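J.: just the structure for this:
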Amino acid sequence: MSQLSIPRVPCPFSPSRTFVDERRLNTHLVKKHPSHLIGGNQSSTDNEPIRLIKEKLIDAKSNCQVLNRIPKGARFSVADKLCSVIRNCVQSNSVQAWSDLLLFSYMVLCTDQKKKNNLTTKIKQNVSRFVMPTTTLSSRPREIPLSKRVEAKVEAFDLKGAVRILSSSDTVAPHDANTICALQEKHPAADQDLILPDLPPDDMMVLVVDEKSVMKAILSFPNGSAGGLDGLKPQFLKDLTSFSAGEAGRRVLTAITDLCNFILSGYHIPTNPYPYFYWLF
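T.: Predicted coordinates:
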């Protein structure tokens, strides 16, 4: 039986170079023809969705306050929704699917804790609506009382963190221009010239993880660990894969494992946001 010939994707600027898929072509374009990408090969419309994701993430990180723990009564619903969002990422591999995943914490677990609403009910409502919240925090930073900071650490089972706060003499730097300048000196702006790693060979064996190793990695995070730009705290994954999440918890662990293998395979990063993949993840 003759072997099927898989068509390769040619480079529009050097037709003699061909690639097994668009992802590898895109990496070649970013590394070898960056001026063409900026000048017109990738239109502003192509990059608009990912720019919007970046703007939403930055805005949400500044203005949305997510919970420290997921209420037990809402864990099944949240786990079921997260499982659906991850499955959509793996199956459709679209910019919208990745956007839903990156903004998941802000759409589901962001709530105004000053209001006396039932948190479980509120989180379930967020799952049903699944839209970005409209509530924002005050633009003027406020000092959180010591008792509240200690209470938050205890609620997250971070007893070491609570003791550290109680015994520390550190103070918060003033919110002024001098502090901003000092931070900018310590953390200069990232280089605009994105240098992506070389692609692995086509026949390279890729790392594959199983549910047991993923669960071990989730549980390895210390209590009270902070989340990233996407607001997804490790404690959320602990809550959603715990016994209290029921069958949905087992499904979401399987989905997370599939997502890890999906990314580790190296062939499935969305073509459109690929130049920003390392920035986002």
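
J.: all contacts plus neighbour counts: C-alpha atoms, from now on.
T.: Will do.

J.: tell me who's in contact with the residue lying closest to Leu67 once chain neighbours are set aside.
T.: Sequence neighbours aside, Leu109 is the residue nearest to Leu67 in space, at 6.0 Å (criterion: Cα to Cα, 6 or more residues apart in numbering). Contact analysis of Leu109 by Cα atoms under 8 Å, 6 or more residues apart in numbering lists 66-67, 70, 123, 126.

J.: just the C-alpha atoms of the helix or strand that contains Thr120, please, in PDB.
T.: Using DSSP states H and E, Thr120 maps to helix 119-129. What follows is helix 119-129, C-alpha atoms only, in PDB (Å, rounded to 0.1, in the frame of the first residue of the first chain):
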ATOM      1  CA  LEU A 119     -21.200  33.300  47.300                       C
ATOM      2  CA  THR A 120     -22.300  29.900  46.100                       C
ATOM      3  CA  THR A 121     -25.300  31.300  44.300                       C
ATOM      4  CA  LYS A 122     -23.300  34.200  42.900                       C
ATOM      5  CA  ILE A 123     -20.600  31.900  41.500                       C
ATOM      6  CA  LYS A 124     -23.300  29.600  39.900                       C
ATOM      7  CA  GLN A 125     -24.800  32.700  38.300                       C
ATOM      8  CA  ASN A 126     -21.400  33.600  36.900                       C
ATOM      9  CA  VAL A 127     -21.000  30.200  35.400                       C
ATOM     10  CA  SER A 128     -24.400  30.500  33.700                       C
ATOM     11  CA  ARG A 129     -23.700  34.000  32.300                       C
END
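
J.: now do it: which elements does it pack against?
T.: Other helices and strands packing on helix 119-129, by 3 or more Cα pairs under 8 Å, 6 or more residues apart in numbering; DSSP states H and E, are helix 72-92, helix 104-108.

J.: which residues does the host helix or strand of Ala248 contact?
T.: Secondary structure assignment for Ala248, by DSSP H and E: helix 246-264. For helix 246-264, contacts defined as Cα under 8 Å, 6+ apart pick out 76-77, 79-80, 82-83, 86-87, 89-90, 206-211, 214-215, 240-243, 268-269.

J.: and the angle for it with helix 72-92?
T.: 30 degrees (axes from the mean of the first three to the mean of the last three Cα atoms, to 10 degrees).

J.: flag every buried residue along helix 246-264.
T.: For helix 246-264, burial by neighbour count (16 or more other Cα atoms under 10 Å) applies to 246, 248-262.

J.: same question, stretch 227-239
T.: Here stretch 227-239 shows 229-239 as buried, counting by 16+ other Cα under 10 Å.

J.: in strands, which of the residues you listed fall?
T.: Among those, the subset assigned to strands under DSSP state E is empty.

J.: including distance to Phe221 and pLDDT, could those residues go into TSV?
T.: Formatted as TSV, those follow (distance: Cα to Cα, whole Å; pLDDT from 0 to 100):
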residue	distance to Phe221	pLDDT
Leu229	17	86
Asp230	17	88
Gly231	15	90
Leu232	13	92
Lys233	10	92
Pro234	7	93
Gln235	8	93
Phe236	11	95
Leu237	10	96
Lys238	9	95
Asp239	12	95
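
J.: sorry, back to before: just the buried members of the contacts of helix 246-264?
T.: Among those, those buried by neighbour count (16+ other Cα under 10 Å) are 76-77, 79-80, 82-83, 86-87, 89-90, 214-215, 240-242, 268-269.

J.: nearest to Val95 among the contacts of Leu109?
T.: The closest of the contacts of Leu109 to Val95 turns out to be Asn126 (Cα to Cα; 21.7 Å).

J.: nearest spatial neighbour of the closest one, chain-adjacent residues omitted?
T.: Val108 (4.9 Å).

J.: now do Ala245
T.: Per Cα to Cα, 6+ apart, closest to Ala245 is Phe76, 4.6 Å.
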